[in-house]
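1. Give the three-dimensional model of this entry:
(one chain, ligands or ions: 3)
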Amino acid sequence: MYILANAQMFNNQGELVNRHIWIEDGIISRITDVEVELPEQVEIVDAAGKFVSPGFIDMHVHLREPGFEHKETIATGTRSAAKGGFTTIACMPNTKPVIDTPETVQFIHDKTKSEGIVKVLPYGAITKNELGRELTDFEGLKEAGVIGFTDDGVGVQSAQMMKDAMARAHALDMPVIAHCEDDTLVKGAAVTDGAFARKYGLKGIPNESEAIHVGRDILLSEATGVHYHVCHVSTEQSIRLIRQAKQIGIRVTAEVCPHHLILSDEDIPGLDANWKMNPPLRSPRDVEACIEAIEDGTIDILVTDHAPHSAEEKARGMELAPFGIVGLETAFPLMYTKFVSTGKWSLELLVKRMTADPARVFRLNTGRLEEGAPADIAVIDLETEREVNPETFASKGRNTPFTDWKLKGWPVMTIVDGRIVWSEQV
Ligand SMILES: NC(=O)N[C@@H](CC(=O)O)C(=O)O
Ligand SMILES: [Zn+2]
Ligand SMILES: [Zn+2]
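-> Numbering: from 1, shown residues only. Ligands and ions are numbered 1, 2, ... in the order given. Below is the predicted model:
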């Protein structure tokens, strides 16, 4: 048992208050006023001057294990998460083998137990090997402990396949999580159809390639009743469809990444693959629509889509390099610096979209600082400004467009089930 003392935290009324947080057997056992004198025997971890948040939750992470250990492992990916203040992450099944059998789910659980330092929730694939041909064993995967079904990395091209998947997921009371991309509209493009593509004479991925799937899947969700969650939303058209679907009571939720809220294709400095991800950076208009959507709750949660690749792979150039950027270690500082310290958002809104909202959407028993809740906690220094230096990342991935950005809001300590799994000093 110990006390995280003098924590600046939000109470249930949304006010920033100073409290002592008592942690016992992995649980927040008491939250007391700082006026109350501390007992002498008990260990004190002083959080004075720091903001204390529920540990962040990232529902979209690529841990790359099994099969792509040169990009990331459960050991390095969970350390990267802890360094970013994340205490729970959900991992995508586009590994080798794909997470499409109970055995591979068990492998993730075992590895997390032996080498991981934060909570890892695996998704199972919708189709075998993510090939879009045959559904996986949803019952078996659920039994093994997946939290939902997704073929992230590729879109499910067949509407019938998606409808069957949704019907089966619904029968099991499980969500379907979709990477929305129509392959007949994107073939071979690396960037969005827009200013950057025109300047460099590149083919472009049009907004419709995402929004067509969003529209289709909303209709299929309405028909089947399933909880449908849209991955990494990037276009104003998708947002329009999601907003309308929510208004008429269809069970749709959605996520957005920091890079789609902060960067547009006009910011891409040149043919540098650290600016290449899927979906691609869109127009400033799309960025504005994404910002508005997460402000008004049309988009429910913030995720990183942490997608590490090796330097060698990223050096192949804009057209040949794989899609994806890392995100776990910069997400909160980026969002805090760009949206909260500028006065555009309240700190409460940002924290909610990274904690209570993902917990609500995916029914997780975490994401809140309350007596009786698991002690999953992030301690944050909101004052110190530091530059992003990929060489210091715990992730194996260095692929970020945010190198040298000056940011505030760096995590200094991360606690999972009461255990201090990472702190700046160690
Ligand atoms: N987002 C990406 O650019 N890449 C992801 C795949 C995905 O999330 O669709 C990856 O696995 O590398
Ligand atoms: Zn995806
Ligand atoms: Zn992804």
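
2. Spell out which parts of the stretch 101-250 of the chain neighbour ligand 2.
-> Listed as neighbours of ligand 2 in the stretch 101-250 of the chain under the rule C-beta under 5 Å from the ion: 152, 179, 231. (Glycine included, C-beta is placed from N, CA and C.)

3. In TSV, list those along with secondary structure, neighbour count and pLDDT.
-> Below are those laid out as TSV (DSSP: H, G, I helix; E, B strand; the rest coil; neighbours: other C-beta atoms under 10 Å; pLDDT from 0 to 100):
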residue	secondary structure	neighbour count	pLDDT
152	coil	23	98
179	coil	24	98
231	coil	28	98
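
4. Could you dump those into TSV and include distance to residue 349?
-> Formatted as TSV, these follow (distance: C-beta to C-beta, whole Å):
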residue	distance to residue 349
152	26
179	26
231	22
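
5. would CSV of those residues with distance to ligand 3 be doable?
-> Output for these, formatted as CSV (distance: C-beta to the ion, whole Å):
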residue, distance to ligand 3
152, 4
179, 7
231, 6
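
6. filter those residues by proximity to ligand 1?
-> 152, 179 (C-beta under 6 Å from any ligand atom).

7. what ranges do the helices span in this structure?
-> For the chain, helices defined by DSSP state H occupy the ranges 74-83, 102-115, 138-144, 159-171, 195-200, 208-224, 236-247, 258-262, 284-296, 311-314, 331-335, 347-354, 356-361.

8. quick one: the first one near ligand 1?
-> It refers to helix 74-83. No - applying C-beta under 6 Å from any ligand atom, one finds helix 74-83 separated from ligand 1 by no less than 12.3 Å.

9. Residues contacting that helix, please?
-> Residues from elsewhere that reach helix 74-83, judged by C-beta atoms under 8 Å, 6 or more residues apart in numbering: 58, 61-65, 72, 87, 89, 91, 108, 111-112, 115-118, 120, 306, 308, 326, 328-329, 393-396, 411, 414, 416, 421-422.

10. if you look at the residues you listed, which of them are in strands?
-> With DSSP state E as the criterion, strands contain 58, 61, 87, 89, 91, 120, 411, 414, 416, 421-422 from among the contacts of helix 74-83.

11. from the residues you listed, which single one is nearest ligand 1?
-> The nearest member of the ones in strands among the contacts of helix 74-83 to ligand 1, counting by C-beta to the nearest ligand atom, is residue 61 at 9.7 Å.

12. measure that closest one to residue 406 for me?
-> Look at residue 61 and residue 406: by C-beta to C-beta, to the nearest Å, they are 25 Å apart.

13. higher neighbour count, these two?
-> Counted by other C-beta atoms under 10 Å, residue 61 and residue 406 do not tie: residue 61 has more neighbours, with 30 against 10.

14. so what pLDDT did the more buried one get?
-> pLDDT recorded at residue 61 is 99.

15. Repeat that for the one 3 residues further on.
-> Here the pLDDT value assigned to residue 64 is 98.

16. That one contacts residue 95, doesn't it?
-> Yes - shown here, residue 64 and residue 95 form a contact pair, counting by C-beta atoms under 8 Å, at 6.4 Å.

17. Nearest the geometric middle of the chain, what residue?
-> With distances taken as C-alpha atoms, centre = their mean, residue 303 lies nearest the centre of the chain, 2.5 Å away.

18. For residue 253, see how far away that residue is.
-> Separation of residue 303 from residue 253 (C-beta to C-beta): 11 Å.

19. Check the ones in strands among the contacts of helix 74-83 against ligand 2 and report the nearest one.
-> Ligand 2 has its nearest neighbour among those in residue 61, at 11.5 Å by C-beta to the ion.

20. Show me what the closest residue to residue 358 other than its chain neighbours bridges to in the sheet.
-> Closest residue in space to residue 358, ignoring its immediate chain neighbours: residue 57 at 4.1 Å, by C-beta to C-beta, 6 or more residues apart in numbering. Counting by DSSP bridges, residue 57 is bridged to residue 88.

21. quick one, what contacts residue 57?
-> Contacts of residue 57 by C-beta under 8 Å, 6+ apart are 86-89, 301, 354-355, 358-359, 364, 366-367.

22. Drop anything exposed from those.
-> Buried by 16 or more other C-beta atoms under 10 Å: 86-89, 301, 354-355, 358-359, 364, 366-367, out of these.

23. got the helices of the chain as a markdown table, with mean pLDDT columns?
-> Listed next are those as a markdown table, based on pLDDT from 0 to 100:
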| stretch | mean pLDDT |
| --- | --- |
| helix 74-83 | 99 |
| helix 102-115 | 98 |
| helix 138-144 | 99 |
| helix 159-171 | 98 |
| helix 195-200 | 97 |
| helix 208-224 | 98 |
| helix 236-247 | 98 |
| helix 258-262 | 99 |
| helix 284-296 | 98 |
| helix 311-314 | 98 |
| helix 331-335 | 99 |
| helix 347-354 | 98 |
| helix 356-361 | 98 |
